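*Asks:* next comes the sequence, and after it the predicted model I'd like to discuss.
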Amino acid sequence: MLPQLTIVVPCYNEQDVLPISTPVFVGVIRDLVEKKLVSENSRVMFVDDGSRDETWRLISEFANKHDEVKGVRLSRNRGHQVAVLAGMTEAQGDLIATIDADLQDDPAVIEQMVLKSTQDGCDIVYGVRADRSTDTVFKRNTAEQYYKLLKFLGVDIVFNHADFRLLSRRALDSLLEYRETNLFLRGIVPMIGYRSGVVEYSRSERQAGESKYPLAKMVSLAWEGVTSLSIRPLRLITALGVVISMLAFATTIFAFAAALAGASVEGWASVIIAISFFGGVQLLALGLIGEYVGKIYLEVKRRPKYFVDSRV
Ligand code: UDP
Ligand code: MG
């Protein structure tokens, strides 16, 4: 029996790129069906992440025109990670691939992913960028430093892999059992286990439209990645607290000795410096702890992550 494949494509204000990318995704499905690698009921599942432009109208049109296209619309914009999760939850079939709408990830690679799964028995296939030559110098550097930071913080993450991947039904069902509100998929997927494989590809330029990931969103995703997967920052704060307490202790003894020896002078500068320094460290520590408490608060609420507005 051939496996049924669903390609999940998150879309946020992608009216410029969809007319270009839809035929490509549909072509991939048809090609795979023709090669007898996937079953005829394989589909492309577009997730409209609360777009404000013509995205949903386009998706509906494509769905009416092509049997291969399905669409689901979220009630409002919930962000890329949630859109991907919503699409995977809605997706049917034995193999579920996720890919960006802008053709930056090469859809032709999905064939290799399918083969890795059907021939090598991989439950998870990661799309990994062979190089970052199409990125700006800034993005390339920050991204690589970030992956290193995550490694250092004890987060198991696949280097240069974003959200272009293929999951088997059982890997997806396992993933869906993680009921986290703070979602950082590329950190959670490696936790699942099972046999996994890697397919390399080179990432190209966005085909049309602008990036929906401005710096602010990127920073917030990066922060989510750290705080939803690692408690090491809290430990570092504790360690810092110990070191600083020892320093403070030494300073106190020194100040006492100086006062006893009658050498206590104006001292205004040193007092101010000490106060501001410790004030800063304490605020930092408190803020960090608050960050995690906030996370707990959000998780405890168990708020639904998204609502489906309509399906086509
Ligand atoms: N996206 C989304 N919701 C958002 C932001 C982005 O579904 O709130 C989708 C977007 O339509 C695209 C993918 O996530 O398919 C990646 O976004 P983009 O290409 O803009 O990011 P970049 O490649 O610039 O990092
Ligand atoms: Mg992109």
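*Replies:* Arrived safely, thanks for sending. Ligands and ions are numbered 1, 2, ... in the order given.

*Asks:* for the chain, name the helix or strand with the lowest mean pLDDT.
*Replies:* Scoring the helices and strands of the chain by mean pLDDT, DSSP states H and E places helix 268-301 at the bottom, with a mean of 78.

*Asks:* which phi and psi values does Tyr194 adopt?
*Replies:* Dihedral pair for Tyr194: phi 70, psi 180, per degrees, to the nearest 10.

*Asks:* would you map the helices across the chain?
*Replies:* 18-34, 55-65, 80-90, 110-120, 137-152, 169-176, 185-192, 215-229, 232-260, 268-301 (DSSP state H).

*Asks:* return the most buried member of the ones you listed.
*Replies:* helix 80-90 (a mean of 22; mean count of other C-beta atoms under 10 Å). Bear in mind the C-beta positions are built from the backbone N, C-alpha and C, glycine included.

*Asks:* and ligand 1, is that helix touching that?
*Replies:* Yes: against ligand 1, helix 80-90 shows contacts by C-beta under 6 Å from any ligand atom at His80, Ala83.

*Asks:* ligand 1 contacts on the protein?
*Replies:* Applying C-beta under 6 Å from any ligand atom, we find that the chain lies next to ligand 1 at 10-12, 14, 49, 77, 79-80, 83, 100-102, 104, 206, 211-213.

*Asks:* as CSV, the helices of the chain with distance to ligand 2 would be great.
*Replies:* Shown next, in CSV, are those (distance: least, C-beta to the ion, whole Å):
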stretch, distance to ligand 2
helix 18-34, 11
helix 55-65, 15
helix 80-90, 10
helix 110-120, 17
helix 137-152, 11
helix 169-176, 22
helix 185-192, 15
helix 215-229, 11
helix 232-260, 29
helix 268-301, 27
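
*Asks:* out of those helices, which gets nearest to Met45?
*Replies:* helix 80-90 (5.3 Å; C-beta to C-beta).

*Asks:* what angle do that closest one and helix 185-192 make?
*Replies:* 50 degrees (axes from the mean of the first three to the mean of the last three C-alpha atoms, to 10 degrees).

*Asks:* which residues sit against helix 80-90?
*Replies:* Applying C-beta atoms under 8 Å, 6 or more residues apart in numbering, the contact partners of helix 80-90 are 8-12, 45-47, 49, 72, 74, 78, 96, 98, 163, 167, 172, 175-176, 183-185, 212-213, 221, 224, 305-306, 308, 311.

*Asks:* can I get it in CSV? Just the C-alpha atoms.
*Replies:* The C-alpha trace of helix 80-90 is given here as CSV (Å, rounded to 0.1, in the frame of the first residue of the first chain):
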residue,chain,number,x,y,z
HIS,A,80,4.2,30.4,12.2
GLN,A,81,4.8,27.7,14.8
VAL,A,82,1.1,27.4,15.7
ALA,A,83,0.1,27.6,12.0
VAL,A,84,2.3,24.6,11.3
LEU,A,85,0.9,22.7,14.3
ALA,A,86,-2.6,23.4,13.2
GLY,A,87,-1.9,22.2,9.7
MET,A,88,-0.3,19.0,11.0
THR,A,89,-3.2,18.4,13.3
GLU,A,90,-5.6,18.7,10.4
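
*Asks:* any weak-confidence spans in the stretch 1-150 of the chain?
*Replies:* Under the criterion pLDDT under 70, no range of the stretch 1-150 of the chain is flagged.

*Asks:* just the buried ones from the residues of the chain next to ligand 1?
*Replies:* With neighbours counted using 16 or more other C-beta atoms under 10 Å, the residues of the chain next to ligand 1 contain these buried positions: 10-12, 14, 49, 77, 79-80, 83, 100-102, 104, 206, 212.

*Asks:* farthest pair within those?
*Replies:* Maximum pairwise distance among those (C-beta to C-beta): 20.1 Å, between Asn77 and Gln104.

*Asks:* quick one: which of the buried ones among the residues of the chain next to ligand 1 sit in strands?
*Replies:* Cross-referencing those against strands under DSSP state E gives Pro10, Cys11.

*Asks:* list just the nearest of the buried ones among the residues of the chain next to ligand 1 to Val155.
*Replies:* Scanning these for proximity to Val155, where the rule is C-beta to C-beta, the winner is His80, at 18.8 Å.

*Asks:* roughly how far apart are that closest one and Val33?
*Replies:* 28 Å (C-beta to C-beta, to the nearest Å).

*Asks:* same question, Tyr12
*Replies:* Computed with C-beta to C-beta, the distance linking Tyr12 and Val33 is 29 Å.

*Asks:* with distance to Gln4 as added columns, please give the helices of the chain in CSV.
*Replies:* Listed next are the helices of the chain as CSV, based on distance: least, C-beta to C-beta, whole Å:
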stretch, distance to Gln4
helix 18-34, 10
helix 55-65, 18
helix 80-90, 14
helix 110-120, 11
helix 137-152, 33
helix 169-176, 9
helix 185-192, 21
helix 215-229, 31
helix 232-260, 41
helix 268-301, 33
